[in-house]
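# using only what follows, build the 3D model:
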Amino acid sequence: MSEEFESTFITLTDEDGNEIELEYLDTVEYSGAVYMAFFPTIPEDEAESAEDNEDYGLIILKVVSDNGEEEELVTIEDEAELNAVYDLFMESLFEDEEDEDAGSDPEE
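Model (predicted):
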């Protein structure tokens with residue numbers, strides 16, 4: 001299998017001690033900060049109901065340094081910042097799709 005289609009998963013622990021498994025999608029920079037996008041993993045028994053559940057949408061987290069040593073992923077509180085970063089991720093996603101479409105041979 002091509003590495004291009006392999007997924008990267010991480011497990012985060014929230015402030016309540018709950019573990020959340022996420023699938024890494026992409027990283028972008030905006031205004032000097034780094035942001036990462038994820039999708040939550042969906043248990044097989046919840047897959048059908050997940051489409052309508054907003055808890056299973058795109059998750060964007062900001063990378064911040066903790067005392068210059070350790071990096072943490074934090075939620076974005078500022079709505080304007082979140083919207084701007086979301087737009088960057090969407091642009092990146094559509095650029096990747098266009099690149100894939102341009103590289104495919106319609107006669108295959």
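
# after the helix or strand of the chain at the bottom of the mean pLDDT ranking, which helix or strand is next? Please name it.
Among the helices and strands of the chain, helix 47-50 carries the lowest confidence by mean pLDDT, DSSP states H and E, at a mean of 59. Per DSSP states H and E, helix 47-50 leads on to strand 59-66 as the next helix or strand towards the C-terminus.

# by contact count, what packs against the helix or strand that comes right after that next one?
The helix or strand immediately downstream of strand 59-66 is strand 70-75, counting by DSSP H and E. Other helices and strands packing on strand 70-75, by 3 or more Cβ pairs under 8 Å, 6 or more residues apart in numbering; DSSP states H and E, are strand 59-66. C-beta here means a position set from N, CA and C on the backbone, and glycine is covered the same way.

# for the strand it packs on, buried residues please.
Buried residues in strand 59-66, defined by neighbour count with 16 or more other Cβ atoms under 10 Å: 59-62.

# name the helices or strands packed onto that strand?
Applying 3+ Cβ pairs under 8 Å, 6+ apart, one finds that strand 59-66 contacts strand 33-40, strand 70-75, helix 79-103.

# tell me which of the ones you listed lies nearest to residue 15.
Of all these, it is strand 70-75 that lies closest to residue 15, at 10.0 Å by Cβ to Cβ.

# that closest one vs helix 79-103, what angle?
Between the direction of strand 70-75 and that of helix 79-103, the angle (axes from the mean of the first three to the mean of the last three Cα atoms, to 10 degrees) works out to 100 degrees.

# out of the helices and strands packed on strand 59-66, which is closest to residue 21?
The stretch from these with the least distance to residue 21 (Cβ to Cβ) is strand 33-40; that distance is 7.2 Å.
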